[in-house]
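Asks: Sequence below, structure please.
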Amino acid sequence: MKPLSAAEIRERYLRFFEERGHKRMASDSLVPTNDPTLLFTGAGMNQFKDMFLGQGSLPWKRVTTAQKCLRVPDLENVGATPRHHTFFEMLGNFSFGDYFKAECIRWEWEFFTSALEIPGRQLAVTIYTDDDEAYEIWRRDVGVPHERIYRFGEKENFWPAEAPSKGPNGPCGPCSEIYFDRLPDQPPPPNDGLDGLPSDRFTEIGNCVFTQFDRRDDASLAPLPQKNIDVGLGLERITAVLSGARNNFETDLFLPYLRHLEAHTGKRYGADPADDVRMRRIADHARAVTFCIADGALPSNEGRGYVVRKILRRAARDGYDLGFEKPFLHGLVDVVGEVMGGAYPEVREHASQCRSVTRAEEEGFAQVYRQGMQRLRTFLAEHGAEQGDRAGTSAASRGQDPGALPGSGDFAFQLHDTYGFPVDITRAVLLDRGLTLDEAGFEAAMTAQRDRARAASATSDSVFAESTAMTLRQAGVTPTRFVGYDLLQVRTMVRAILGSGTERLREARAGDDVRLVVETTPFYAQGGGQLGDRGVAHWSGGRAVIADTTQLDGYWIHAARIESGRLAPGDSVELTVDEAMRRATERHHTATHLLHAALKHVVGAHVSQAGSEVGPERLRFDYTHGERLTEEQQRRIEDEVNDVILRAISVIPAELRLVDARAAGFVAMFGEKYGENVRTLSIGDYSRELCGGTHVRNSGNIGSFRIVSDSAISAGTRRMEAVTGAVAIEHARRDRAVLVELAQRLKAPLAEVSAKVEALVEEQKRLRKELEKARAADLSTLLAELERVVKPIGAARSAVLTTGPLEGKELQELLARARQKLSPFAGVIFAKADDGVAVAVAVDPAFHDRLKAGDVVKELCGLLGGGGGGRPDQAQGKGKDAGRLGAAQSRAEELLRRLA
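Replies: Below you'll find the model as predicted:
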């Protein structure tokens, strides 16, 4: 056995199975293609779901891949254990009704022992307890000794786990795992009585799933007519095994990240166990975040974006603990490109965007971090955290750890899960007050969250779930033929009528809301950011209004309301697209392509599309950029797009193979998924992109282009809205109407409105300066009055002063001047106004052992029917009951006498 790089292992595996008749296919995106039930691709088999069901259209029966995967249920273990990761690569070989158990087992053994040269004596295998067929193949055909073949139950060696007894129904089967033995010279563990092989000695490096049964409602396992093979091998684990590394992180897949962190922190990996965990976790998370962003999963507060943000913030937190004071994760994006860019060029192609988004997220987390600390302080104040003994007694009475603050576990989890606030800091703050975290409550909340994450990441319950497309396919309904690029009206046949679920209706009547599936349609289905077409359907004696069109696995779904007549499958209907809506939508869609190009020209090549929505009323274009666009930049973008419109350039669509389109320089839209054949769109030499939407035939058909708004929607991502054609004209009319009204109010011609407004602004500035001067003079007068009433109390110079109305900042300024001029000062100012009395207090730090400004404000404002607070040296508040001002003044004098 000799060391191999991860790249060498990956290539040997793919080539090994290519030589055995497998088609090498590219990895699917981390954002699963055509599977909305999954947040992320978590296994190599995900993209072949239809093939496993016998319903896919791939021409190959044998496939091999190196698949990008992301799993997050065990996030807390990443970096702390040798083998846990968020992002990882799964090498896979698959058979769809072709070869089965014998070939699979022999080939996996041959790959490990011949292609990778791992001695057979260092391998052990597990099988399902009842899978005698697998045992015979391993024992007799391959020659694995009996004592190295372990039988385990359905929890360990069946997919889905425990399916025979607990379900779900559907395709399932036993599995056989291959383990690397780190201590081959020691006797193997006993073959009976184990729940699993000990992880300190054995490392799982491969899993073969034999999908051969169909579980029925009565829990019986019926043989499947098409038996499938699903094999997964963890590249990180195999690389560690062949490198002789102690853990997955000490291989060529991760060492460049650790070296980068050493260079930028001055810390040495291996010197401190806690720092080692942080470094490993940052290395893992940097890979995950970079690949997610490159595949279109941007940080956000929901869905997969929430997961990306959570991973990124955990890494940022570790960076703070390592000593980073400024954003640093974006610097690891280039390391990801260096290590992984050969196999996955998208991380290099989108490196600029990944850096921009990551940096913006890190900067945003600094704000979250401050907010988390503020919320934690509020929580502690509300729970009397300064009284640690009493809180500890209460905790003990509730069965919590002695000294644990009640509710702190749940609260720490909320801070951790919602804001990304580190629980370690929550623990440290509690310890400062002689308290501990309610660890049991925190762990209970974390466990519940892990269960939710596992459910979101699981494939077993959802992979074979019934869907509308499956219902149609099983009923023999053929996929819809789309002719809407060339036609807006066709006569066709209704193939199916669906209700609110997947049920097929025999008939629809007036007033029914249904979904129509037809043989041929001119209606564009929502996709690529373009909204679905609307229109009408006519037939003999009836009419329906189509409100939306979507597409599901080759079937066009027309959401319709029957206005009159009856409609049944097999009826002939005439479908007519709302042409005005379609043409307006096309203008906006083509304009997004022009806008994308203009943004790159004006703002920079780093700009990439992060999403879009185009309809008849406007276009919305999300793009990656960390700063607000200037007015000059927006003007240049508008000018450039309108120039292309005025040049009336032909817009030419074409059908090409994806590989040919890329070679010809067509740009793939960020985050979109493509098949082997794609539709391209050329607007002269100005824009060349892949797009399956509908478009104008000439840029001149767009008419005009106007930017309506540009705003930030998340860190590193902005949203621009714009309008074209008649909508742009109407928008201009509304703007003019506002300008005309403004001119009328200013009593000035339109041409002089700008100058008039500028004059008013300058006048406002002048008046504000005069007001500030007057206030400054008033403050000087008040300070002099304060000096007149000052009297010594002990070592302090103290005073109580009542004035007329003052703003908060004026009170602060007056106290600041008094503290500077009358030091050591302790005083109270009451500012009486129509709506109550403002109270401001200052106490020199020399007297804090006897009096604190915050305490004084609370008591005085309480007397006045209000509230307030602040620091020990300066505090402020307000009371509503001016009638009690005399009592408050007397109490202020009493409190100041404590300084005597």
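Asks: Buried residues, the helix or strand containing Ser95. List them.
Replies: Taking DSSP states H and E as the criterion, the element that holds Ser95 is strand 87-96. Buried residues in strand 87-96, defined by neighbour count with 16 or more other C-beta atoms under 10 Å: Phe87, Phe88, Glu89, Met90, Leu91, Gly92, Asn93, Phe94, Ser95, Phe96. Where you see a C-beta, it was placed from the backbone N, CA and C, and this is true even at glycine.
Asks: just checking, Tyr555 touches Arg481?
Replies: No - using C-beta atoms under 8 Å, Tyr555 is not in contact with Arg481; the gap is 10.8 Å.
Asks: In stretch 519-533, which residues are buried?
Replies: Neighbour counts using 16+ other C-beta under 10 Å place 519-526, 528-533 of stretch 519-533 among the buried residues.
Asks: Straight-line length of it, end to end?
Replies: Counting by C-alpha to C-alpha, to the nearest Å, you get 17 Å between the two ends of stretch 519-533.
Asks: Dump the helix or strand following the strand holding Ser95 to CSV, restricted to CA.
Replies: Once the chain leaves strand 87-96, the next helix or strand it forms, by DSSP H and E, is helix 101-110. The C-alpha coordinates for helix 101-110 follow below in CSV (Å, rounded to 0.1, in the frame of the first residue of the first chain):
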residue,chain,number,x,y,z
LYS,A,101,-24.4,-8.3,-6.1
ALA,A,102,-21.7,-10.7,-7.4
GLU,A,103,-20.1,-8.2,-9.8
CYS,A,104,-20.4,-5.3,-7.4
ILE,A,105,-18.7,-7.2,-4.5
ARG,A,106,-15.9,-8.5,-6.7
TRP,A,107,-15.2,-5.1,-8.3
GLU,A,108,-15.1,-3.2,-5.0
TRP,A,109,-12.7,-5.7,-3.6
GLU,A,110,-10.6,-5.5,-6.8
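Asks: And the helices in the stretch 201-350 of the chain?
Replies: Ranges of helices within the stretch 201-350 of the chain are 235-243, 255-265, 273-294, 303-322, 333-340, 346-349, based on DSSP state H, counting those that start in this stretch.
Asks: quick one: average pLDDT of the first one?
Replies: Averaging pLDDT along helix 235-243 yields 96.
Asks: Tell me what angle it forms with strand 87-96.
Replies: Helix 235-243 and strand 87-96 are oriented at 100 degrees to each other (axes from the mean of the first three to the mean of the last three C-alpha atoms, to 10 degrees).
Asks: and the direction of helix 235-243 versus that of helix 273-294, what angle?
Replies: 130 degrees.
Asks: I'd like to know which elements helix 235-243 is packed against.
Replies: For helix 235-243, the packing partners by 3 or more C-beta pairs under 8 Å, 6 or more residues apart in numbering; DSSP states H and E come out as helix 6-18, strand 87-96, strand 202-215.
Asks: before we move on, what about the second one?
Replies: Identification of packing neighbours for helix 255-265 by 3+ C-beta pairs under 8 Å, 6+ apart yields helix 273-294, helix 333-340.
Asks: contact partners of it?
Replies: For helix 255-265, contacts defined as C-beta atoms under 8 Å, 6 or more residues apart in numbering pick out 249, 267-269, 279-280, 282-283, 286-287, 322-324, 328, 331-332, 335, 338-339.
Asks: Just the local confidence number for the nearest residue to Gly266 once chain neighbours are set aside, please.
Replies: Spatial nearest neighbour of Gly266, chain neighbours left out: Gly323 (7.6 Å); criterion: C-beta to C-beta, 6 or more residues apart in numbering. Gly323 is assigned a predicted lDDT (pLDDT) of 89.
Asks: For Thr265, see how far away Gly323 is.
Replies: 5 Å (C-beta to C-beta, to the nearest Å).
Asks: Can you name every helix or strand that the strand or helix carrying Gln551 contacts?
Replies: Gln551 is part of strand 542-552 when elements are defined by DSSP H and E. Here strand 542-552 touches strand 535-539, strand 555-564, strand 566-567, going by 3+ C-beta pairs under 8 Å, 6+ apart.
Asks: so which of the ones you listed gets nearest Asp50?
Replies: The minimum distance between Asp50 and the helices and strands packed on strand 542-552 falls on strand 555-564, with 13.3 Å, by C-beta to C-beta.
Asks: on that earlier part again, could you identify which of the helices and strands packed on helix 235-243 is most buried?
Replies: With neighbours defined as mean count of other C-beta atoms under 10 Å, the helices and strands packed on helix 235-243 peak in mean count at strand 87-96, which reaches a mean of 25.
Asks: residue contacts, the residue positioned nearest the centre of the chain?
Replies: Residue closest to the average C-alpha location in the chain (C-alpha atoms, centre = their mean): Gly305, at 0.8 Å. By C-beta under 8 Å, 6+ apart, Gly305 lies in contact with Ala297, Leu298, Pro299, Ser714.
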